[in-house]
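*Asks:* Here you go, sequence then predicted model.
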Amino acid sequence: MSTPVDLLISNAGYLVTVNGKNEIFENYSIAITNGRISHIGKMAELSGLNATKTFDATNHLICPGLVNSHTHLAMSLLRGWAEGVNLDGFLKRVWAAEGAIMDEATSQLGTELGALEALLGGTTTTMDMYLNPVATHKGAVRVGLRHICGPIFFDFPGLDGLEWQTRIERAYKWPEALASIGGPFIPIYLMPHSTYTDSAEHLTQVAGIAKELNASIHLHVSETLGENEDVQKRYGKTPTQVCRDTHILDRHTIYGHGVHLSDSDRQIVAQSGGAVAHCPGSNLKLGSGIAQFKKMIATGIKVGLGTDGCSSSNDLDMFAVMRMAAHLVAYSGTPADVDLTQIVRAATADGATAVGLGDRIGSIEVGKEADLIAIDLAQPHLTPVHNVLALLVFAAGRADVTDVWVAGDHVISNRASTKIDAQDLITRVNSRIKILDEIK
Ligand SMILES: [Zn+2]
């Protein structure tokens, strides 16, 4: 008797599992049932399966979808808008543009653009901190992305014009709002912007609500030395000490950046079970500094990789981020310090753990949700294959991704979205951003 499965991805040239043993198999197949990986093995072992759909992965590398653990997708509308500036100059210029355009509809439009770029480039999950999370989530789900977002918090009304009390009310309504939108599973998150835009009192309040909602927390921490100095002046503490003392770190917390963490900060984050999204492209471009990727991991911090928003990093290319992360390890130490397994894990399994989804995604194992990507290996720049992980980190690029599945849903097929018309999206974006001509 044959066993019915929804999808059989057959004969993958390489199957990079990123499982506990970091196994890489040759000529392996995977079956998917109800959005989860149900079988892994050689075709001969899977011959009893009866698949509704099949994907011939000959000459392809199959690996887990990449996890972008810190970004602001709607800022894709501001790609190239703030060049030649540091974080302060960047925020000034970007916040002015956001104030002019980012209503709910435009936040959704920008997120659709970012979500499509992410998926086409092999990213299946993003941690997206942005205004109007209900609108952004609708946009991302429409395009098929696993889109972690949540209510954001600033002391001041901010670009969305919300008073503090309204932010609190919306936070309590967030789980219900999320459930009504649907899409691939994501954890509940609250996202206070940072320790320099949210007071200690407000951070304590957010931590309390997170406890009530059993929510995780995402915020920017120690992105620049200037931020550390400002927070030190205000509280006589590092941003991490503020996070500890306001009970933010009592919750599962993932920092954006963590460039300037002291040894003691790293200890505090590790002991709390916290995570950091390492964003080397954004940090280098804004001259913010170089995060201590290996030291963070050695201290016990869960480290993921992220692009940050397109207004600072200009794209959502996680292959570029993997490569930069590896280059910075060599630059900060020696080439022998580059552990390619560590880099690939940060972009997949460890990134999934960092965002709180380690039990569901990030590796190819039976029972995990099928967030997978296929890379076309039949190309000059990917030939020959002496070292599969070196190929992934140093030679492959996002344009090599041909097919993407999120929870078993074939969202990118042969380099095109199965969900939305890319040309129509581009037209809508170009029409909307014309309004920025007035403030150039
Ligand atoms: Zn950011």
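*Replies:* Arrived safely, thanks for sending. Remember, it's a predicted structure, so these values are computed and weren't measured experimentally.
*Asks:* now the strands for the stretch 251-400 of the chain?
*Replies:* Taking DSSP state E, counting those that start in this stretch as the criterion, the stretch 251-400 of the chain contains strands spanning 253-257, 275-278, 302-305, 372-376.
*Asks:* Can you check which of those gets nearest to Gly287?
*Replies:* The closest of these to Gly287 is strand 253-257. By Cβ to Cβ, the value is 13.1 Å. (Glycine included, C-beta is placed from N, CA and C.)
*Asks:* Sheet-wise, list the partners of that closest one with their directions.
*Replies:* Strand 253-257 has its sheet partners listed here by DSSP bridges as strand 216-221 (parallel), strand 275-278 (parallel).
*Asks:* returning to that earlier point: between the strands of the stretch 251-400 of the chain, which one is closest to Ala44.
*Replies:* Nearest of these (Cβ to Cβ): strand 372-376, 21.6 Å.
*Asks:* what pLDDT, on average, does the closest one get?
*Replies:* Across strand 372-376, pLDDT averages out at 98.
*Asks:* Pull up the pairing partners for that strand, direction included.
*Replies:* Strand 372-376 has the following sheet partners, assigned by DSSP bridges: strand 60-64 (antiparallel), strand 401-406 (antiparallel).
*Asks:* Any residues of the protein in contact with the ion? List them.
*Replies:* Gly256, Asp308 (Cβ under 5 Å from the ion).
*Asks:* in the chain, which residue is closest to the centre?
*Replies:* Asn68 (1.9 Å; Cα atoms, centre = their mean).
*Asks:* mind checking how far it is from the ion?
*Replies:* Going from Asn68 to the ion by Cβ to the ion, to the nearest Å gives 11 Å.
*Asks:* Against Gly300, how distant is that residue?
*Replies:* Per Cβ to Cβ, to the nearest Å, Asn68 is found 23 Å from Gly300.
*Asks:* How about the stretch 101-250 of the chain: which residue is closest to the ion?
*Replies:* His220 (5.5 Å; Cβ to the ion).
*Asks:* if you compare the strands paired with strand 253-257, which one is most tucked away?
*Replies:* strand 275-278 (a mean of 30; mean count of other Cβ atoms under 10 Å).
*Asks:* Contacts for that one next, please.
*Replies:* For strand 275-278, contacts defined as Cβ atoms under 8 Å, 6 or more residues apart in numbering pick out 69-70, 127, 221, 252-258, 261, 269, 291, 293, 296, 301-306, 325, 346, 353-355.
*Asks:* if we can go back for a sec, possible to save the strands paired with strand 372-376 as JSON lines with distance to Ser29, mean neighbour count and mean pLDDT?
*Replies:* Formatted as JSON lines, the strands paired with strand 372-376 follow (distance: least, Cβ to Cβ, whole Å; neighbours: other Cβ atoms under 10 Å; pLDDT from 0 to 100):
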{"stretch": "strand 60-64", "distance to Ser29": "9", "mean neighbour count": "26", "mean pLDDT": "98"}
{"stretch": "strand 401-406", "distance to Ser29": "14", "mean neighbour count": "24", "mean pLDDT": "98"}
